[in-house]
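# Can you look at this prediction? I've put the sequence above it.
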Amino acid sequence: MNLSLSSIDFRTRNLYFINMLKIFVKLILLITTSLLSFSLLADAKLDNETEVGIAAANGNTQTETYNFKQTTQYKNVKDVFGLKSRYLNATSEGEETARYFLLSLRYEKEVSSRLGLFAQETFEKDRFANIDQRFGTDIGGRYHFIETDPTKFFSELGYRYFHEDRLDGSQAYSNYGRLYTEWENKWRETFSTKIWIEYLPNFTEQKDWQFNSELSLTAILTEIFSLKSSFLLRRDNSPAPGVKYKNDTLLTTAIVAKF
């Protein structure tokens, strides 16, 4: 049997992705299990949401896309600990076309039923945005305007510091303001929508502002599983050198497990 070099490279990338995915899943399971065990001992509350989206085509066209998203929140009285992670990988005809990873840890102290203060640390990698690694440190406050069963609406105001190491060897340091707002509404028992908007004005370089937003629709299938479609927009008005586009968009449909 004769194998072309492109097919060998394609299989090698698949094997690498599978190994990385195993490590990623084990890490998420370890953290989630630890928080769950602790929450049971402390009689506290744990919320977990895992999102998985996979698309693959083989034959005349060879494409693969994997999207994983994890959100875990542990609340003990007025202390809230959060974990968020996301991984996106796509290949076309054996060539990688997207690779993005995010891991975020957050602590929030509830001052009142409506007001909370938080600190957050975020780690990102984005090969096709020329980002080898980026660390973001956030501090700020959150205010809940509406907190009912069908509707949730809140906003956050704060400060973010970015330290960015790029694939071309350069570095960037920036100070941002941060304005974030999120609205979610349950229209029926089995259908809900959510939209969030984030604006980051740059205090260091005025033209280097960022804007992010996501709109999602969720249909509940069972007590645990749901079907979710979302559209994510990320805009960096002054991207890293060598990056062609200022806008990145992602349209996904995924199965969500929530408990």
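Arrived safely.
# quick one, what contacts the residue lying closest to residue 92 once chain neighbours are set aside?
Setting aside the residues directly before and after it, residue 92 is nearest to residue 63 in space (CB to CB, 6 or more residues apart in numbering), at 4.8 Å. The C-beta positions use only the backbone N, C-alpha and C, and glycine is treated the same way. By CB atoms under 8 Å, 6 or more residues apart in numbering, the residues touching residue 63 are 55-57, 90-93.
# which among the residues you listed gets closest to residue 217?
residue 55 (18.3 Å; CB to CB).
# Show me the strands in the chain, by range?
45-57, 63-76, 79-92, 95-110, 115-126, 131-147, 151-166, 171-188, 191-200, 210-220, 225-236, 247-258 (DSSP state E).
# can you redo those strands as TSV with mean pLDDT?
Below are those laid out as TSV (pLDDT from 0 to 100):
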stretch	mean pLDDT
strand 45-57	86
strand 63-76	90
strand 79-92	91
strand 95-110	92
strand 115-126	95
strand 131-147	95
strand 151-166	95
strand 171-188	95
strand 191-200	97
strand 210-220	97
strand 225-236	95
strand 247-258	92
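# that older thread, could you check the distance from the residue nearest to residue 92 over to residue 78?
47 Å (CB to CB, to the nearest Å).
# again, but for residue 192
From residue 192 to residue 78 the distance is 27 Å (CB to CB).
# Show me which of those two is the more surrounded one.
Set residue 192 next to residue 78 and count neighbours by other CB atoms under 10 Å: residue 192 wins out with 20 against 11.
# close enough to count as contact, the more buried one and residue 151?
No - with contact defined as CB atoms under 8 Å, residue 192 does not reach residue 151; the gap is 9.9 Å.
# where do the contact lists of these two overlap?
184-186.
# Just the buried residues of these.
Taking 16 or more other CB atoms under 10 Å as the criterion, what is buried in the shared contacts of residue 192 and residue 151 is 184, 186.
# Between the shared contacts of residue 192 and residue 151, which sits nearest residue 235?
Once CB to CB is applied, the member of the shared contacts of residue 192 and residue 151 that ends up nearest residue 235 is residue 184, at 22.6 Å.
# Look up the closest residue to that closest one, ignoring the ones flanking it.
residue 194 (4.1 Å).
# can you check residue 181 too?
residue 155 (4.3 Å).
# Show me what residue 86 is bridged to.
For residue 86, the beta-bridge partners under DSSP bridges are residue 69, residue 102.
# State the number of residues packed around it.
Neighbours of residue 86 using other CB under 10 Å come to 17.
# Contacts only, for it.
Contacts of residue 86 (CB under 8 Å, 6+ apart): 67-70, 100-102.
# Farthest pair within those?
Across the contacts of residue 86 (CB to CB), the longest gap, 14.1 Å, separates 70 and 100.
# Thought residue 108 was touching residue 117, still the case?
Yes - the pair residue 117 / residue 108 is scored as a contact, 6.9 Å apart, by CB under 8 Å.
# With neighbour numbers in mind, choose between these two.
residue 108 (21 against 14).
# Is it correct that the more buried one is in contact with residue 142?
Yes - if you go by CB under 8 Å, residue 108 and residue 142 touch, sitting 6.9 Å apart.
# what residues are shared contacts of the two?
116-118.
# now, among these, which is nearest to residue 131?
Using CB to CB, the shared contacts of residue 108 and residue 142 come closest to residue 131 at residue 118, 24.1 Å.
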